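> Give the three-dimensional model of this entry:
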Amino acid sequence: MKILIVGGGGREHALTWALSKDRNVEEVYAAPGNPGIAEIGTCIPIASNNSNELASFASKNGIDLTVVGPEAPLSEGIVDTFKKQNLPIFGPDKQSARIETSKSFAKDLCTRYALPTPRWETFTDRTKANRALDELGPPWVIKADGLAAGKGTTVTRDRREAEAAIQRELLREPRRIVMEEFIDGWEASFTATVSADRVQWLAPVFQDYKPAYDGDSGPNTGGMGVYTPVPSVTQSLFEKVRKKILDPAATALAKEGAPFRGVLYLNVIVKHGTEDPYVLEFNARFGDPEAQGIMPLVKGGLFAHLSAVAANSDRAPIPESSKSASVVVVLASRGYPENPSTGDPVTLRPSGSSNIVVFHAGTARNSNGELVTAGGRVLSVTATGPSVESARNDVYSVIGKSVDFPGMHYRTDIGSDQIRRRQLEPIKT
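So this is what the prediction gives:
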């Protein structure tokens, strides 16, 4: 079988890596790919948002399944383009991808179908939004309504920072914000595949680290690391999330005329001292860096599963997964997330450990063929092991020794057992 991966980040490297090991897969292409992907697959110089060219490539080269990594092509209707030509593709169409591309659509869906979510309001007018700050905080949670690469959320106790966030996010398309009630709790990331209006597979549950710095301080990022298993995610909470949120969400989308087919990623917050989960956001694709944590745990059957979901099977075969722990640490460039440095030389040496994988995200080759930084989140280092502690020790043991670049920064507390509470000093963005 031939696979085409759309995208060129760490998530797409992880998908390429996992699918290249699948016994049913002969060739893996990626568009545009990255230097890490080029070591195990064939990179095609087609932009991930060029749906027509990608469809033409898939048709001419007999691609058996296209897997879409990033959210932007989904928001622009790449799946619709492929379906018009009867080309197999994994991912939701433009209509159902709105569950990620419009936070107000997702919030309205939650309200109308009784999915638990924090109290919320939308605003297009800055004055009215500023006035509403008195009702919804402090602390305040201000979110861009559209896509913002994981960096459109501000959480703060400082009113001036809240007002600045309102002004900033109203400049983004579609010039609308969601203001949300703050819940003091802990978060978890659920990754489900959906077809035939039902959840097919629930991947291991991770905890994500969005703030840039240790202790959950600093500006929000696309994600600085994840780990699994999360001790506080009990079986009863797991079942509650499935029965009260994921299953009803799949049903709700179908009732809205937007049946979902692909990955439904859910970020929940659980109020401290309870097992009550609330929807913070949905994504319409694998999380990044969650995918870099999930894929090393998949032992087989990934292609068969993704292919069945793409065909809208009501009983997709479930991939075989390891019960091991997985810890991912993101290595970011100097200045990330505000002003990331690029062009810095990257040093990669073999770690000598089979349980450690380095996934490329923001890397490129310069004119001399040298590996250099080319984005904010440069690499993701993943380690698996019998426990979070052992995987955590292994992942940090190679950073700086086997992996390094000038200005490299990362969080040192991914997977630590410290109690997490967001530091609500003013956030500078």
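> Can you report phi and psi for the closest residue to residue 140 other than its chain neighbours?
Spatial nearest neighbour of residue 140, excluding adjacent residues (Cβ to Cβ, 6 or more residues apart in numbering): residue 162 at 4.2 Å. Using the backbone N, CA and C atoms, a C-beta is placed for each residue, glycine as well. For residue 162, the backbone dihedrals (degrees, to the nearest 10) come out as phi -60, psi -40.
> what's the spacing between residue 162 and residue 354?
Going from residue 162 to residue 354 by Cβ to Cβ, to the nearest Å gives 48 Å.
> which one of those two has more residues nearby?
Looking at residue 162 and residue 354 with other Cβ atoms under 10 Å, you find the greater number of neighbours at residue 162, namely 26 against 7.
> Residue 155 is in contact with that one, correct?
No: proximity of residue 162 to residue 155 does not meet the contact threshold set by Cβ atoms under 8 Å, at 9.4 Å.
> residues shared between the contacts of these two?
Both residue 162 and residue 155 are contacted by residue 140, under the criterion Cβ atoms under 8 Å, 6 or more residues apart in numbering.
> Can you give me the distance of the residue nearest to residue 140 to residue 70?
Distance from residue 162 to residue 70, by Cβ to Cβ: 30 Å.
> what about the closest residue in space to residue 401 that isn't next to it in sequence, neighbour count?
Spatial nearest neighbour of residue 401, chain neighbours left out: residue 349 (7.6 Å); criterion: Cβ to Cβ, 6+ apart. As a burial measure, residue 349 scores 11 neighbours (other Cβ under 10 Å).
> Could you check the pLDDT of residue 349?
At residue 349, the model reports a pLDDT of 94.
> got the contact list for it?
Contacts of residue 349 (Cβ under 8 Å, 6+ apart): 401, 402, 403.
> Would you mind measuring from it to residue 16?
22 Å.
> Low-confidence ranges, the stretch 1-150 of the chain, go.
149-150 (pLDDT under 70).
> What are the boundaries of the helices in the stretch 51-200 of the chain?
51-60, 71-75, 78-84, 98-101, 103-112, 126-136, 159-169 (DSSP state H, counting those that start in this stretch).
> What's the first helix or strand after the host helix or strand of residue 291?
Applying DSSP states H and E as the criterion places residue 291 in helix 290-294. Once the chain leaves helix 290-294, the next helix or strand it forms, by DSSP H and E, is strand 298-300.
> Report the buried residues of that following strand.
residue 298 (16 or more other Cβ atoms under 10 Å).
> Tell me which strands it pairs with, and in which orientation.
Counting by DSSP bridges, the strands paired with strand 298-300 are strand 320-321 (antiparallel).
> avg pLDDT for the strand it pairs with?
96.
> now the closest residue to residue 69 other than its chain neighbours: how far from residue 89?
Excluding its sequence neighbours, the residue lying closest to residue 69 (Cβ to Cβ, 6+ apart) is residue 7, at 3.2 Å. For residue 7, the distance to residue 89 equals 13 Å [Cβ to Cβ].
> Give the residues shared as contacts by these two.
With Cβ under 8 Å, 6+ apart as the test, residue 7 and residue 89 both reach residue 68.
> Other residues contacting stretch 81-89?
51-52, 54-55, 58-59, 63-68, 78-79, 93, 307, 310-311.
> Kindly recompute the last result at 7 Å.
51, 52, 55, 58, 59, 64, 65, 66, 68, 79, 93, 310 (Cβ atoms under 7 Å, 6 or more residues apart in numbering).
> Let's see if you can find the most crowded of those.
residue 68 (30 neighbours).
> is it true that it touches residue 77?
No: if you go by Cβ atoms under 7 Å, residue 68 and residue 77 don't touch, sitting 11.0 Å apart.
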